[in-house]
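A.B. asks: Model the following, please.
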Amino acid sequence: MEGLVEEGQEQIEEIEKGPILDAALIAAAQKVEHYEIATYGTLAALAKKLGYTAAMQLLLETLKEEKATDEKLTLLAEQEVSKEQAGKKVTS
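C.D. replies: The predicted model follows:
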């Protein structure tokens, strides 16, 4: 996780402000979300296997929240791409 945070910080320092940096930061945030999704999914499966039903339910709730955040980031990325494409269209 520290590596993902460091990677995001490097992008902030190395990429000029604008749509490319925005896309890089969205990608960095999604990497963190995917890490969290994998972690909560694994922990929920383990809790289920061990019979920790209450813990499993909490982990599944958190997993659902992380997936929702990932979906929001995907929508944001798509909006950024659309904005970038709209800015490059040439009118005749």
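
A.B. asks: From here on, just use CA atoms for contacts and neighbour counts.
C.D. replies: Will do.

A.B. asks: I'd like the average pLDDT over the helix or strand harbouring A44.
C.D. replies: Per DSSP states H and E, A44 falls inside helix 19-50. Per-residue pLDDT over helix 19-50 has a mean of 94.

A.B. asks: Tell me which helix or strand comes right after that helix.
C.D. replies: Following helix 19-50 in sequence, per DSSP H and E, is helix 53-88.

A.B. asks: what helices or strands is that following helix leaning on?
C.D. replies: helix 19-50 (3 or more C-alpha pairs under 8 Å, 6 or more residues apart in numbering; DSSP states H and E).

A.B. asks: got the buried residues for the helix it packs on?
C.D. replies: Buried residues in helix 19-50, counted by 16 or more other C-alpha atoms under 10 Å: 21-33, 36-37, 40-41, 43-44, 47.

A.B. asks: now it against helix 53-88, angle please.
C.D. replies: Here the directions of helix 19-50 and helix 53-88 differ by 160 degrees (axes from the mean of the first three to the mean of the last three C-alpha atoms, to 10 degrees).

A.B. asks: Which elements pack onto helix 19-50?
C.D. replies: helix 2-14, helix 53-88.

A.B. asks: Just say which of the ones you listed is most tucked in.
C.D. replies: helix 53-88 (a mean of 15; mean count of other C-alpha atoms under 10 Å).
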